[in-house]
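*Asks:* Structure for the following, please:
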Amino acid sequence: MAPSWFQILIVVVLLVLLFGRGKISELMGDVAKGIKSFKKGIAEDETQTGDAAAAKTIDHTPSETVGDTAKAGKETQANS
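*Replies:* Residues are numbered from 1 along each chain as shown. Here you go, the predicted model:
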């Protein structure tokens with residue numbers, strides 16, 4: 001069951017009485033600053049990720065194959 005407009009109005013009036021108009025507007029301003037900061041951080045991360053992906057490429061060539069590594073491990077165990 002969804003709250004009616006009358007119930008929402010009662011909650012808003014109680015909040016204003018408890019915290020006052022100034023405190024509520026201050027809190028909403030802080031929330032807005034937080035959202036803006038979050039969006040700015042996300043945008044900066046996306047640009048850094050895009051630049052880093054374009055600038056860096058890693059070429060990996062394995063020096064040993066899996067079979068060679070297993071053989072080397074057995075030889076090491078046999079020598080000890």
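*Asks:* for stretch 32-42, what is the average pLDDT?
*Replies:* Per-residue pLDDT values over stretch 32-42 give a mean of 92.
*Asks:* Please export the C-alpha coordinates of it as PDB.
*Replies:* Output of stretch 32-42 as PDB, limited to C-alpha atoms (Å, rounded to 0.1, in the frame of the first residue of the first chain):
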ATOM      1  CA  ALA A  32      24.000  17.900  -4.000                       C
ATOM      2  CA  LYS A  33      27.700  18.600  -3.500                       C
ATOM      3  CA  GLY A  34      28.400  15.000  -2.800                       C
ATOM      4  CA  ILE A  35      26.500  13.900  -6.000                       C
ATOM      5  CA  LYS A  36      28.400  16.400  -8.100                       C
ATOM      6  CA  SER A  37      31.700  15.300  -6.600                       C
ATOM      7  CA  PHE A  38      30.900  11.600  -7.300                       C
ATOM      8  CA  LYS A  39      30.000  12.400 -10.900                       C
ATOM      9  CA  LYS A  40      33.200  14.300 -11.400                       C
ATOM     10  CA  GLY A  41      35.200  11.500  -9.900                       C
ATOM     11  CA  ILE A  42      33.500   8.900 -12.200                       C
END
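*Asks:* And the contacts of it?
*Replies:* With contact meaning CB atoms under 8 Å, 6 or more residues apart in numbering, stretch 32-42 is reached by no other residue. In short, each C-beta sits where N, CA and C put it, glycine included.
*Asks:* Please point out which parts of it sit buried.
*Replies:* Neighbour counts using 16 or more other CB atoms under 10 Å place no residue of stretch 32-42 among the buried ones.
*Asks:* What is the neighbour count of Ser25?
*Replies:* For Ser25, the count of nearby residues is 11 (other CB atoms under 10 Å).
*Asks:* try the one 5 residues further on
*Replies:* By other CB under 10 Å, 10 other residues sit near Asp30.
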